[in-house]
Structures are given as structure tokens and as C-alpha cells.
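Student: Give the three-dimensional model of this entry:
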Amino acid sequence: MVVVPLQLIAQVPQDKGKLPALQQEDQDDGVLKVSTDLVTVPLSVTDKKNRYITDLKVEDITVTEDGKAQEIFSFIKETDLPLTFALLIDISGSQELTIAAQRDAALRFLEKVIRNEKDLAAVITFRKDVEMLQNLTSNVDQIRRTLNGIRFTGSNSSLGSPPIGGSDFAGTSLYDAVYVTADELLAKEAGRRVVILLTDGRDTTSAYSIKKAIDRALRSEVLIYAIGIEGRGQYGGNVFNQDVDKKPLQTMCEETGGRFFLPKNENEYDQAFRQIEDDLRQQYILSYSPSNDTQDGSFRNITIKVNRKDSKELKILCRRGYYAKKGA
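Tutor: Numbering: from 1, shown residues only. You can find the predicted model right below:
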């Protein structure tokens with residue numbers, strides 16, 4: 001399995017064959033994205049009917065880090081931050097008969113959400129290989145052309161050219177796609193960084209584990225949203241169905257502060273994308289200076305609670321923690 005650094009994909013001649021293999025998983029993952037003492041946590045709060053709570057004040061919120069109460073530096077409602085999306089589309093064999101519906105729903109979403117010169121989106125496909133079809137852009141026409149060009153074409157790549165990293169399409173490298181997207185594409189981008197996965201959740205060929213993929217997303221402060229798509233493909237002239245593997249998708253979303261969706265039809269695809277948009281436009285930004293200032297590179301667990309009478313009926317979407325800086 002070969003995963004290509006995303007910024008290099010467009011520059012790699014397609015007749016060069018395989019690229020250098022991945023580094024070992026136990027290698028140091030690098031330093032924390034946060035470059036100041038403040039820890040910033042985007043969060044959304046909804047009630048049991050999934051309605052957004054928009055009137056919270058700083059005194060309504062308690063934040064703890066590794067079980068110790070923290071003093072909140074700021075708590076503001078933010079509805080206009082730039083959004084940076086990476087749309088990751090599973091084009092493995094199990095998705096052959098669903099790609100068109102996924103592509104069309106994603107296009108409707110991006111056409112509505114992307115604000116020219118403010119928001120950015122990239123399009124990445126994956127099966128055994130990971131390929132960036134469109135780098136980050138706010139040009140909706142360019143995104144439309146890219147999405148409309150995605151097709152399942154057997155052993156060829158999604159646009160009819162040999163896939164980056166080899167020609168073997170009999171696999172799905174979901175975790176690798178998440179890892180390299182968070183690491184190579186989104187880590188240094190401004191605003192809200194978001195991965196949207198369209199997949200059946202079945203990983204068969206990744207070099208990175210799900211834990212490594214989640215850790216990289218947390219280090220890069222990337223929210224993961226996943227739309228579980230039941231697999232429908234063809235093999236030997238026969239159509240086969242494949243259920244969504246929900247657990248890994250739910251885990252990636254919950255750990256990073258996103259949501260998991262399991263739509264049953266095209267209308268529910270659109271509903272899922274609308275929910276993602278609403279989440280990202282209805283967020284609070286909480287920041288605090290951690291009382292533990294040890295620069296040991298360790299993971300710090302964050303717990304946020306709402307102090308109101310109806311708190312048991314509220315759901316908080318936020319990442320579960322962050323990695324501290326690592327001293328020299």
C-alpha cells in the first residue's frame with residue numbers, strides 16, 4: 001500500500017509507478033498544531049429535538065482537562081468563520097453503483113455552502129490508493145467539473161488514468177485517506193477544517209490504524225463527518241450489497257467532534273449535508289489556558305458541560321482532547 005503526500009500528487013508523472021512506501025507507524029507524529037498557550041475548542045449544542053441552543057453564556061459552561069477545572073478565557077458564538085472542506089469519496093468496488101448519487105448530493109451541498117474567496121474545498125478519492133482530484137479552491141465551477149468527472153472505471157482511476165501508487169484497486173484505504181488529508185492538506189489551513197467521508201466504512205488495506213488517523217485529525221484540529229453509504233457493486237455480472245461498518249465511522253466522528261449519518265436514500269443524503277452545514281454555522285468557540293503547562297507532548301482529555309436545568313437533554317459536539325506541545 002502506498003499513500004502519496006497530497007501536495008505532491010498532481011506533480012507525480014503517472015508512468016513512474018509506485019512511490020516510496022509509508023514510514024513506520026511508530027514514528028513520531030510531529031508537534032502539536034496549537035502554537036500558543038490557549039486551547040481552542042469549537043462546539044455545537046443541541047436539544048433532544050436536534051434544535052441548536054444559541055443563547056449560551058460563559059457562565060453556563062464548565063470545562064475540565066484531565067478531570068481538573070479550567071478557567072475559560074473566552075466563549076463566543078461564531079457563525080462566519082472560513083470553512084475548509086476535504087471531501088473524501090470511496091470509489092472502491094463496493095461503491096460502484098452508489099457513486100453517482102453520492103457525487104450529486106455532495107455537489108448540491110458545496111454549491112450552496114462555498115462562499116467565493118472565503119471557503120475552500122478539495123476532492124479526494126480513495127480505494128487501495130489515495131488520489132487528490134482537486135486541490136483546495138473556492139471556485140465552484142472547478143469543483144463541479146471535478147465531481148462530475150468521477151466515475152467507477154474498474155482497474156483504472158476515477159478519471160480514467162492510472163491511479164497514483166499502483167493499479168491494484170481491490171482494497172479500501174479509508175484510514176490512510178483520513179490521515180494524509182489531515183496531515184498534508186488541512187493542518188495549516190485557516191478557519192474550520194473539516195473532512196467529510198462518503199464510504200461504507202470498511203477499511204481493508206490501510207497502512208495507518210484508525211487510532212493513528214484519529215490522532216492525526218486531532219493534532220490538525222480537523223472535524224470528521226461521515227456519511228455511511230451501503231455498498232452496492234458488481235462482480236462477475238452479479239450485483240452485491242454490503243452493509244455499512246458503522247463502528248469505525250462513529251468513532252472517528254465522536255472523537256473529533258463531528259457526526260455520523262446513515263442515509264437510506266438520496267433525500268436523506270441531502271438532509272445529512274444540511275445538518276453538516278448547520279453544525280458548522282452554529283458553533284461556539286471556547287478557549288482556555290490549560291493549568292497544566294508541562295510540554296510533554298501528551299494527550300489531554302477535554303470535558304465540556306452545560307450548567308443548566310435542561311443539561312441532561314442537551315448534546316454537545318466537540319473534540320475529545322488535544323496534544324500538548326512537546327518541549328525541545
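Student: got the domain boundaries for this protein?
Tutor: Each domain of the chain is listed here as a residue range: 39-79+282-323, 81-281, per automatic domain parsing.
Student: For stretch 57-66, output the C-alpha coordinates as PDB.
Tutor: Coordinates of each C-alpha in stretch 57-66 appear next as PDB, following Å, rounded to 0.1, in the frame of the first residue of the first chain:
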ATOM      1  CA  LYS A  57     -23.200  32.300  28.100                       C
ATOM      2  CA  VAL A  58     -19.800  31.700  29.500                       C
ATOM      3  CA  GLU A  59     -21.300  31.200  33.000                       C
ATOM      4  CA  ASP A  60     -23.300  28.300  31.500                       C
ATOM      5  CA  ILE A  61     -20.200  26.300  30.600                       C
ATOM      6  CA  THR A  62     -17.700  24.200  32.600                       C
ATOM      7  CA  VAL A  63     -14.500  22.800  31.100                       C
ATOM      8  CA  THR A  64     -12.200  20.300  32.600                       C
ATOM      9  CA  GLU A  65      -8.800  19.000  31.300                       C
ATOM     10  CA  ASP A  66      -7.900  15.500  32.600                       C
END
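Student: Now do that stretch: everything it contacts.
Tutor: 39, 41, 69-70, 72, 74-75, 286, 288, 290-292, 300-308 (CB atoms under 8 Å, 6 or more residues apart in numbering). Yep, even glycine has a C-beta here, placed from its N, CA and C like the rest.
Student: Of these, just the buried ones, PyMOL syntax please.
Tutor: In PyMOL, a selection of the buried entries from the contacts of stretch 57-66 looks like this (16 or more other CB atoms under 10 Å):
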select buried, resi 39+41+70+72+75+286+288+290+300+302+303+304+306
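Student: would you turn the domains of the chain into CSV with mean pLDDT?
Tutor: Output for the domains of the chain, formatted as CSV (pLDDT from 0 to 100):
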stretch, mean pLDDT
domain 39-79+282-323, 95
domain 81-281, 85
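Student: Most tightly packed of these?
Tutor: domain 81-281 (a mean of 19; mean count of other CB atoms under 10 Å).
Student: Setting aside sequence neighbours, what's the nearest residue to residue 269?
Tutor: Using CB to CB, 6 or more residues apart in numbering and skipping the chain neighbours, the partner closest in space to residue 269 is residue 105 (3.7 Å).
Student: Tell me which helix or strand the one you found sits in.
Tutor: helix 99-113 (DSSP states H and E).
Student: so what does that helix touch, helix or strand wise?
Tutor: With contacts defined as 3 or more CB pairs under 8 Å, 6 or more residues apart in numbering; DSSP states H and E, helix 99-113 has these neighbours: strand 83-90, helix 140-148, strand 192-199, helix 266-281.
Student: Can I get the second one in PDB, CA atoms only?
Tutor: So the one you mean is helix 140-148. Extracted C-alpha coordinates of helix 140-148, given in PDB (Å, rounded to 0.1, in the frame of the first residue of the first chain):
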ATOM      1  CA  VAL A 140     -17.400  26.200  -7.500                       C
ATOM      2  CA  ASP A 141     -17.300  25.600 -11.300                       C
ATOM      3  CA  GLN A 142     -13.900  23.900 -10.900                       C
ATOM      4  CA  ILE A 143     -15.300  21.700  -8.100                       C
ATOM      5  CA  ARG A 144     -18.300  20.900 -10.200                       C
ATOM      6  CA  ARG A 145     -16.200  19.700 -13.100                       C
ATOM      7  CA  THR A 146     -14.100  17.500 -10.800                       C
ATOM      8  CA  LEU A 147     -17.100  15.900  -9.100                       C
ATOM      9  CA  ASN A 148     -18.900  15.400 -12.400                       C
END
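Student: angle of it against strand 83-90?
Tutor: Angle of helix 140-148 versus strand 83-90, following axes from the mean of the first three to the mean of the last three CA atoms, to 10 degrees, is 10 degrees.
Student: what angle do helix 140-148 and helix 99-113 make?
Tutor: Computed by the same axes, to 10 degrees, the angle between helix 140-148 and helix 99-113 is 170 degrees.
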